[in-house]
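1. Here you go, sequence then predicted model.
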Amino acid sequence: MPPAVAGPAAKAQRHGRAYNPLHRYPRQVRELKVGLHIPQIGATATPGVVEGFARAAEEAGFDSLWVFDHVVLPREQRTPYPSSDDGKIGYPHTSNLLEPLMLLPFVAAVTSRIAIGTSVLVLPMRQPVLHAKMLATLDHLSNGRLIAGLGTGWWKEEFEVLGVPFEHRGRRMDESIELMQALWRDEYADFHGEFFHCEGWACNPKPVNGRIPIWIGGESPSQLRRVGRYADAWHAGARTLPNVPQLFEVAREAAAKAGRDASRLQLTLEGAAFLRGASMERTAETLTSVAGIGVDHAIAILDRAEYGEQGEATIRLFGERYLPAIHAL
């Protein structure tokens, strides 16, 4: 359950006003950035479609391209998917599903400006030393364009098939972030935790800009505290939109308690809008509305039925007609 509304949010609620935490912590960024999910699943997730999509998005002025993280799909899904009404993940187990950290280098190679990122990488499923190296290499080869969106994961069976414990994944995520940051930052990393140990190991190349931005998703109290401790952005989900201002306040308060500058924590939104050729104006209106609650970076999803030449045309037309005004919000 979301945390109880308290403090300034409760006061605004009593007076019948929408509470915006940005009144308390002024934004450091003014321009709304807009990203798109890359074709990653199904018969249309081919090299040609991915390349055309990525090039069109960059040429149209989009700011970022994104992948999600699942490794394998089961014959029968036992754990309900928390982001759908019926608990189903929404695609059959027979679908092609491209591995995210193999797909992003391909996207980086066919583009030159646009940011690339994971929305989100299920970090507790992955070995942190190996993935610190993989992410730093990807950041190096993309000339500093990588954003690491991270989550704790929800699919117990996927952890099991990978031989990774589902329990204590929050604590393992904390250690993984701390260990990866040490490997990216220090000449020789020394880390001794409950789950991971590293003494005197060097990881090069270092991130191009000195660090890789981290976005953390999830809205549980423990996850919002994790955002406050480690993240550059709270990566909210569209299903939590009615509670986003209050939850963002919790994350920013956690950042302040951790001794960080809460005004620098950004608000990003996964699944902010669906983009379709027949309803581009509605997509623009949706993105305008999320900018009004302080979202800094919104990720939209192109209708899968439009992947290919039709989708590229939609992307370019949306960029021409709507993106300049959205960027100015």
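-> Cool, got the structure.

2. ok, now which ones touch residue 313?
-> The contact partners of residue 313, by CB atoms under 8 Å, 6 or more residues apart in numbering, come to residue 277. All C-beta spots, glycine's among them, are computed from the backbone N, C-alpha and C.

3. what helix or strand does it sit in?
-> helix 309-321 (DSSP states H and E).

4. need the next SSE after that helix, C-terminal direction.
-> Using DSSP H and E, the first helix or strand after helix 309-321 is helix 323-327.

5. mind listing what's buried in that following helix?
-> 323, 326 (16 or more other CB atoms under 10 Å).

6. If you count contacts, what does that helix end up packed against?
-> strand 33-37, helix 280-291 (3 or more CB pairs under 8 Å, 6 or more residues apart in numbering; DSSP states H and E).

7. what lines up beside the shortest one in the sheet?
-> Meaning strand 33-37. Using DSSP bridges, strand 33-37 pairs in its sheet with strand 64-67 (parallel), strand 297-302 (parallel).

8. Format those as CSV; extra columns: mean neighbour count.
-> What follows is the strands paired with strand 33-37, written out as CSV (neighbours: other CB atoms under 10 Å):
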stretch, mean neighbour count
strand 64-67, 24
strand 297-302, 23
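
9. would you turn these into TSV with distance to residue 198 and mean pLDDT?
-> Listed next are those as TSV, based on distance: least, CB to CB, whole Å; pLDDT from 0 to 100:
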stretch	distance to residue 198	mean pLDDT
strand 64-67	27	99
strand 297-302	32	98
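
10. returning to what we had before: and the helix holding residue 313, which residues are buried?
-> 311-312, 314-315, 318-319.

11. What sits closest to residue 198 if chain neighbours are left out?
-> residue 191 (4.5 Å; CB to CB, 6 or more residues apart in numbering).

12. What is the burial count for the one you found?
-> 19 (other CB atoms under 10 Å).

13. repeat for residue 199
-> Neighbour number of residue 199 under other CB under 10 Å is 9.

14. Does it fall in a helix, a strand, or a coil region?
-> strand (DSSP: H, G, I helix; E, B strand; the rest coil).

15. Was I right to think it contacts residue 193?
-> No: with contact defined as CB atoms under 8 Å, residue 199 does not count as touching residue 193 (11.7 Å).

16. Please convert the buried residues of helix 309-321 to TSV, extending it with distance to residue 299 and pLDDT.
-> Shown next, in TSV, are these (distance: CB to CB, whole Å; pLDDT from 0 to 100):
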residue	distance to residue 299	pLDDT
311	16	97
312	18	98
314	16	98
315	14	99
318	14	98
319	15	98
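
17. Contacts for stretch 316-329, please.
-> Under CB under 8 Å, 6+ apart, the answer for stretch 316-329 is 31-34, 56, 59-62, 275, 277, 280-281, 283-284, 287-288, 291-292.

18. what's the answer for stretch 40-56, then?
-> 36, 38-39, 65, 67-68, 91, 95-98, 100, 103, 106-107, 110-111, 114, 302, 304, 307-309, 311-312, 315-316.

19. and what of stretch 162-181?
-> So stretch 162-181 is contacted by 71, 123-126, 128-129, 131-132, 135, 150, 152-153, 156, 159-160, 189, 191, 193-196, 198, 211, 214, 222-223, 226, 229-230 (CB under 8 Å, 6+ apart).

20. And the strands in the protein?
-> 33-37, 64-67, 115-122, 146-151, 189-192, 197-201, 214-217, 233-237, 266-275, 297-302 (DSSP state E).

21. Pipe those strands into a markdown table and attach distance to residue 175 per row.
-> Below are the strands of the chain laid out as a markdown table (distance: least, CB to CB, whole Å):
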| stretch | distance to residue 175 |
| --- | --- |
| strand 33-37 | 29 |
| strand 64-67 | 24 |
| strand 115-122 | 15 |
| strand 146-151 | 13 |
| strand 189-192 | 8 |
| strand 197-201 | 10 |
| strand 214-217 | 14 |
| strand 233-237 | 20 |
| strand 266-275 | 24 |
| strand 297-302 | 27 |
